[in-house]
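In: Fold the following for me, if possible:
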Amino acid sequence: MAMTKAQAAAAIRAHVAENYLYMRPGVRVADTDSLLATGVIDSMGVMELIAFVQETLGVQIADDDVTEQNLGTIDGLASYVATHGAAATDAIGLGHAGAQPTSRSATTGSAIREA
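Out: A predicted model of the protein is given here:
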């Protein structure tokens, strides 16, 4: 079965806290806060977040999908993971989150593009 949005959000939230907020114990980021605008991540952080999603959550992010809407917030990224993880799982006929995704991986070196 594919990862739900709630499961994806929990995994992404934990990753953000562990990797980007560890030196800022008082900072709280809501799921709808822009990770770039709040300074939680920069362009390199975007690439690291993409790598986390692809390697850990098993969802490939296409270059054209690297947008503020898809990756700018924990909520947006969780929605993307839930939607595209299910699509990849369905496309190859596997019913679990470990399915090999069918999208191409992101290779862009730039920050998130505006949608």
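In: Please save the CA atoms from stretch 33-42 in CSV.
Out: Output in CSV follows, covering the C-alpha atoms of stretch 33-42 (Å, rounded to 0.1, in the frame of the first residue of the first chain):
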residue,chain,number,x,y,z
ASP,A,33,5.0,27.4,6.2
SER,A,34,7.2,28.0,3.2
LEU,A,35,10.5,26.2,4.0
LEU,A,36,12.4,28.7,1.8
ALA,A,37,10.7,31.9,2.9
THR,A,38,11.2,31.0,6.6
GLY,A,39,14.9,30.2,6.0
VAL,A,40,14.6,26.6,7.0
ILE,A,41,16.2,25.4,3.8
ASP,A,42,18.1,27.1,0.9
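In: neighbours of Gln60, just the number please.
Out: Neighbour count for Gln60, taken as other CB atoms under 10 Å: 19. Glycine gets a C-beta too; all of them are placed from N, C-alpha and C.
In: which SS class is the most centrally placed residue in the chain?
Out: Centroid-nearest residue in the chain: Leu77, 4.2 Å away (criterion: CA atoms, centre = their mean). Classification of Leu77 by DSSP: H, G, I helix; E, B strand; the rest coil places it in helix.
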